[in-house]
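1. the sequence isn't on hand, but the structure is:
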Ligand SMILES: NC(=O)C1=CN([C@@H]2O[C@H](COP(=O)(O)OP(=O)(O)OC[C@H]3O[C@@H](n4cnc5c(N)ncnc54)[C@H](OP(=O)(O)O)[C@@H]3O)[C@@H](O)[C@H]2O)C=CC1
Ligand SMILES: O=C(O)C1=N[C@H](C(=O)O)C[C@H](O)C1
C-alpha cells in the first residue's frame, strides 16, 4: 500500500496531537514537521512523542528555502501553525503538493492567496476540521431553514489563554447570517479544548446543537479524514462542509 506522505506545519498544542494521529495511522507517512523556532531541530517528532521509529524530522521556518519541497517531497502539506504559514504555500503548490489549511483566522488577503493558488493544486481550508463541527454547521443551516423566525445565539468556549474569538464561531455566524459582534458569545475558562453551541429560541421550545472537542486528537482525526479525501481531488479550493454535506445528503433517511 502506498502511504500518503504528510508534511506538517506547527508542533504546538494542536500540532503535536495531529502529528500523533498521523503517526498512528498506517495510511500515512509523516515525513517532516516545520515549526517557527529551532527547538529540537533535526530530531524526529516520532521520538519526541514516544515512538522508537523515525518519522517527522523537525525543521524550522528558516529551512524553507527554494528547494525544500523538492528535497523533502510530500503529497499533502497540513498546516496547524499560524496565519504566517500561508507564505510557504505557493512553493508547495508549484510542486503539486496538496494543502490542508486548518488556520482559524485569516485576513482577506490570505483568502485571496488561496483563491490564486487553487488552479495549481487541491487545497482544503477549514477553521475547524472536526467532523462534528462541520455536521453542526450543516444541521444548523437545515434547522434555520425549517424555523426561519428562531432567535439564534452562538456560544463558544475555549481555554483561558485563547485571545481571539473562535474562528469556528465566526464561520457559524457568517453561515447563518448573524451579526458576529452581536450573536457570538465567548467564554474563556481553564483548559477547555473547544466547545461550540448554537441555541435556537422558539416560542415554546429551545433547541441546542452542541459540539465539544474533548481532545485535540479530534483535529488530527479531522485532518486524516480530509487528507484521505483531498488526495483524490483535482486542483481547486474546498472546505469540509462540501464533503460533509455530500455525506449528509447521502445518509438522510427517507421515510
Ligand atoms: N482548524 C482546526 O480545526 C483547528 C485550528 N487550530 C488552529 O491551529 C493553529 C495552532 O494552534 P495551537 O496549536 O493551539 O497553537 P500553538 O501556539 O500551541 O502552536 C503553534 C505552532 O505553530 C508553530 N508556528 C507558528 N508560526 C509558524 C510558521 N510561520 N511556520 C511554521 N510554524 C509556525 C509554532 O512554532 P514553535 O513551536 O517554534 O513556536 C508552534 O509549534 C491556530 O491557528 C489555531 O486556531 C487549532 C485547533 C483546531
Ligand atoms: O485555538 C484553538 O485551539 C482552536 N481554534 C479554532 C477556532 O478558533 O475556531 C478551532 C478549535 O475550536 C480550537
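-> Sure thing, it's come through. Quick caveat, the model's predicted, so the values are computed rather than measured. Ligands and ions are numbered 1, 2, ... in the order given.
2. off-centre distance for stretch 215-229?
-> Taking CA atoms, centre = their mean, to the nearest Å, the mean C-alpha location of stretch 215-229 is offset from the chain mean by 8 Å.
3. please disregard the earlier target; I meant stretch 180-188.
-> For stretch 180-188 - counting by CA atoms, centre = their mean - the centre lies 21 Å from the chain centre.
4. next one: it, is it in contact with ligand 1?
-> No - applying CB under 6 Å from any ligand atom, one finds stretch 180-188 out of contact with ligand 1, separated by at least 13.7 Å. Any C-beta I mention is one placed from the backbone N, CA and C, and that applies to glycine too.
5. end-to-end on that stretch?
-> The straight-line separation of the ends of stretch 180-188 (CA to CA, to the nearest Å) is 17 Å.
6. quick one: is it near ligand 2?
-> No - interface with ligand 2: stretch 180-188 contributes nothing (CB under 6 Å from any ligand atom), its closest point being 10.1 Å away.
7. backbone dihedrals for the single nearest residue of the chain relative to ligand 1, please?
-> Checking the chain residue by residue against ligand 1 with CB to the nearest ligand atom singles out residue 12 as nearest, at 1.9 Å. Dihedral pair for residue 12: phi -100, psi -150, per degrees, to the nearest 10.
8. so who does it touch?
-> Remark: with contacts taken as CB atoms under 8 Å, 6 or more residues apart in numbering, residue 12 is in contact with 35, 80-81.
9. kindly recompute the last result at 10 Å.
-> Counting by CB atoms under 10 Å, 6 or more residues apart in numbering, residue 12 makes contact with 18, 35-36, 80-82, 216.
10. for this protein, which segments count as strands?
-> Shown for the chain, the strands assigned by DSSP state E span residues 4-9, 28-35, 57-60, 76-79, 98-101, 122-125, 151-158, 184-188, 194-202, 205-213, 236-238.
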